[in-house]
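Peer 1: here is a sequence with its predicted model. Questions after.
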Amino acid sequence: MRGWSTEWMRAAGSADPERDVRYLANQVEALTLHQLAYPDPDFDPGPSLAALVAALVRRG
């Protein structure tokens with residue numbers, strides 16, 4: 001999973017995809033745990049994850 005995600009981050013333009021995929025994986029885990037603890041039927045992780053990836057790529 002990490003290798004696959006690293007390639008996605010590289011394709012998105014990350015200057016350090018190995019580092020950035022760790023941040024992304026931590027965010028996915030946090031969103032998953034939060035949704036399990038506080039279920040929201042309207043939950044959509046897309047905007048949050050897109051913003052994180054955009055910030056990581058811009059940061060370089």
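Peer 2: Structure received.
Peer 1: sec struct for Ala50, please.
Peer 2: helix (DSSP: H, G, I helix; E, B strand; the rest coil).
Peer 1: and Asp40, by the same measure?
Peer 2: coil.
Peer 1: that one: how many residues sit nearby?
Peer 2: 8 (other Cβ atoms under 10 Å). The C-beta positions use only the backbone N, C-alpha and C, and glycine is treated the same way.
Peer 1: helices or strands next to the longest helix seen in the chain in the packing?
Peer 2: Across the chain, the longest stretch assigned as helix under DSSP state H is helix 17-37. Packing partners of helix 17-37 (3 or more Cβ pairs under 8 Å, 6 or more residues apart in numbering; DSSP states H and E): helix 2-12, helix 46-59.
Peer 1: could these go into CSV alongside distance to Glu18?
Peer 2: Output for those, formatted as CSV (distance: least, Cβ to Cβ, whole Å):
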stretch, distance to Glu18
helix 2-12, 6
helix 46-59, 12
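Peer 1: between the ones you listed, which one is closest to Tyr23.
Peer 2: helix 46-59 (6.2 Å; Cβ to Cβ).
Peer 1: mind listing what's buried in that closest one?
Peer 2: Judged by neighbour count using 16 or more other Cβ atoms under 10 Å, the buried positions of helix 46-59 are Leu52, Val53, Leu56.
Peer 1: which helices and strands sit right next to that helix?
Peer 2: helix 2-12, helix 17-37.
Peer 1: ranking those helices by mean pLDDT, which is last?
Peer 2: When the helices and strands packed on helix 46-59 are compared on mean pLDDT, helix 2-12 scores lowest, with a mean of 89.
Peer 1: run through who's touching that helix.
Peer 2: With contact meaning Cβ atoms under 8 Å, 6 or more residues apart in numbering, helix 2-12 is reached by Pro17, Glu18, Asp20, Val21, Leu24, Ala25, Val53, Leu56, Val57.
Peer 1: who touches the second one in this structure?
Peer 2: Right, the one you point to is Glu18. Thr6.
Peer 1: circling back to that earlier point, distance to Pro45 added to the helices and strands packed on helix 46-59, as CSV?
Peer 2: Converted to CSV, the helices and strands packed on helix 46-59 look like this (distance: least, Cβ to Cβ, whole Å):
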stretch, distance to Pro45
helix 2-12, 14
helix 17-37, 5
